[in-house]
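Chemist: sequence plus predicted model, see below.
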Amino acid sequence: MKPMNFRGRWVLVTGASSGLGQAMARKLAQEHGANIVAVARRQQRLLELQQELESKANVQVVTICADLADVSEVDRALEQATQGRQLYAAILNAGVTHFGEHGRLSWLDFQRMLNTNVTSVVRMATELVPHLEEHGLGGGLMLVASMAGITPIPYQTAYSGTKAFLVHFGCGLWHELRHKNLSITTYAPGGIVTEMTGTENFRPLRGWLMPVERAATEGIDAFRRRRYLYVPGAANRVGSVLMRLLPQRIVTSQLAASYRRALKLTGQI
């Protein structure tokens with residue numbers, strides 16, 4: 001298939017009020033001329049993004065305030081996103097994490113993580129695939145996973161598990177739909193400088209984090225080029241290959257030691 005052309009077409013972006021989702025929405029609008037359906041929990045931030053993009057990029061922006069931890073909100077967001085418009089593409093980016101000992105993650109917070117990171121993505125993908133096929137525009141879906149879904153990350157154990165699901169789900173869908181007139185890209189960045197990693201727990205690890213603008217640029221390019229499973233950053237790509245060659249227990253042990261030191265430095269354990 002040819003690379004995607006977003007200009008003048010509608011692209012849905014979840015988690016668009018901050019971080020990677022916001023940065024990708026900006027790039028789609030400002031550099032590719034896409035109209036944006038922006039979905040997130042924080043209405044004021046969505047309205048600020050709408051004003052910015054409509055004035056600077058001369059595109060249309062629709063905002064949908066929804067908490068994707070609630071499946072009824074997911075369904076409402078889908079209905080509003082597709083009402084009166086044909087989507088060309090969607091970036092399913094919304095996600096939450098927990099950095100610390102797994103025992104300190106409450107069951108309620110785990111349920112919210114599972115619903116946001118997994119259930120909402122599966123629900124949206126299930127509904128959006130036939131929508132994208134309907135008019136044969138040749139668009140696609142991007143599932144934002146993580147390198148934590150490729151290699152287990154202790155002290156982000158539940159989050160890592162949810163992202164592993166997305167890696168397998170996205171890659172499986174690619175094979176099921178490879179002969180259809182749409183594409184599935186699974187994007188697996190490492191750590192990114194965002195609001196989510198801005199907590200005190202992450203302070204000792206910030207030197208490893210990729211600037212969000214770079215992650216957004218590589219993500220949109222991978223999506224446009226219809227990549228299968230894409231890890232941004234040359235060092236991350238080399239690292240992901242080495243991690244697959246080494247025994248997983250050894251790699252995970254080293255990661256556990258690094259994360260444990262970071263948590264000790266901030267007094268979390």
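Modeler: Nice, thanks for sending it over.

Chemist: show me what contacts residue 145?
Modeler: 163, 164, 166, 167, 170, 186, 187, 188 (CB atoms under 8 Å, 6 or more residues apart in numbering). Quick note: C-beta positions are derived from backbone N, CA and C, even for glycine.

Chemist: rerun that using 6 Å as the cut-off
Modeler: When contacts are counted by CB atoms under 6 Å, 6 or more residues apart in numbering, residue 145 touches 163, 166, 167, 186, 188.

Chemist: now do the helix or strand harbouring the first one: distance to the chain's middle.
Modeler: Read that as residue 163. Assessed by DSSP states H and E, residue 163 sits inside helix 157-177. Centroid separation for helix 157-177 versus its chain: 12 Å, with CA atoms, centre = their mean, to the nearest Å.

Chemist: with just CA atoms, put that helix into CSV.
Modeler: Taking Å, rounded to 0.1, in the frame of the first residue of the first chain, the C-alpha atoms of helix 157-177 are listed here in CSV:
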residue,chain,number,x,y,z
THR,A,157,4.7,-4.9,36.1
ALA,A,158,1.0,-4.4,35.5
TYR,A,159,1.6,-1.6,33.0
SER,A,160,4.1,-3.8,31.2
GLY,A,161,1.5,-6.6,31.0
THR,A,162,-1.1,-4.3,29.5
LYS,A,163,1.4,-3.1,26.8
ALA,A,164,2.4,-6.7,26.1
PHE,A,165,-1.2,-7.4,25.3
LEU,A,166,-1.3,-4.5,22.8
VAL,A,167,1.9,-5.7,21.1
HIS,A,168,0.4,-9.1,20.5
PHE,A,169,-3.1,-7.7,19.7
GLY,A,170,-1.7,-5.2,17.2
CYS,A,171,0.6,-7.6,15.5
GLY,A,172,-2.0,-10.3,15.3
LEU,A,173,-4.5,-7.8,13.7
TRP,A,174,-1.9,-6.8,11.1
HIS,A,175,-1.8,-10.4,9.9
GLU,A,176,-5.5,-10.8,9.9
LEU,A,177,-6.1,-7.6,7.9
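
Chemist: residues in contact with stretch 211-224?
Modeler: The contact list for stretch 211-224, computed with CB under 6 Å, 6+ apart, reads 3-4, 20, 23-24, 27, 142, 185, 187, 189, 192-194, 230, 232.

Chemist: drop anything exposed from those residues.
Modeler: 4, 20, 23-24, 27, 142, 185, 187, 189, 192-194, 230, 232 (16 or more other CB atoms under 10 Å).

Chemist: how about the helix or strand hosting residue 25: buried residues?
Modeler: Secondary structure assignment for residue 25, by DSSP H and E: helix 19-32. Judged by neighbour count (16+ other CB under 10 Å), helix 19-32 contains these buried residues: 19, 20, 21, 22, 23, 24, 25, 26, 27, 28, 29, 32.

Chemist: mind putting those in JSON lines, pLDDT and distance to residue 99 included?
Modeler: As requested, the buried residues of helix 19-32 are exported to JSON lines (pLDDT from 0 to 100; distance: CB to CB, whole Å):
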{"residue": "19", "pLDDT": "95", "distance to residue 99": "15"}
{"residue": "20", "pLDDT": "97", "distance to residue 99": "17"}
{"residue": "21", "pLDDT": "97", "distance to residue 99": "19"}
{"residue": "22", "pLDDT": "97", "distance to residue 99": "21"}
{"residue": "23", "pLDDT": "97", "distance to residue 99": "21"}
{"residue": "24", "pLDDT": "98", "distance to residue 99": "23"}
{"residue": "25", "pLDDT": "98", "distance to residue 99": "25"}
{"residue": "26", "pLDDT": "98", "distance to residue 99": "26"}
{"residue": "27", "pLDDT": "98", "distance to residue 99": "27"}
{"residue": "28", "pLDDT": "98", "distance to residue 99": "29"}
{"residue": "29", "pLDDT": "98", "distance to residue 99": "31"}
{"residue": "32", "pLDDT": "98", "distance to residue 99": "33"}
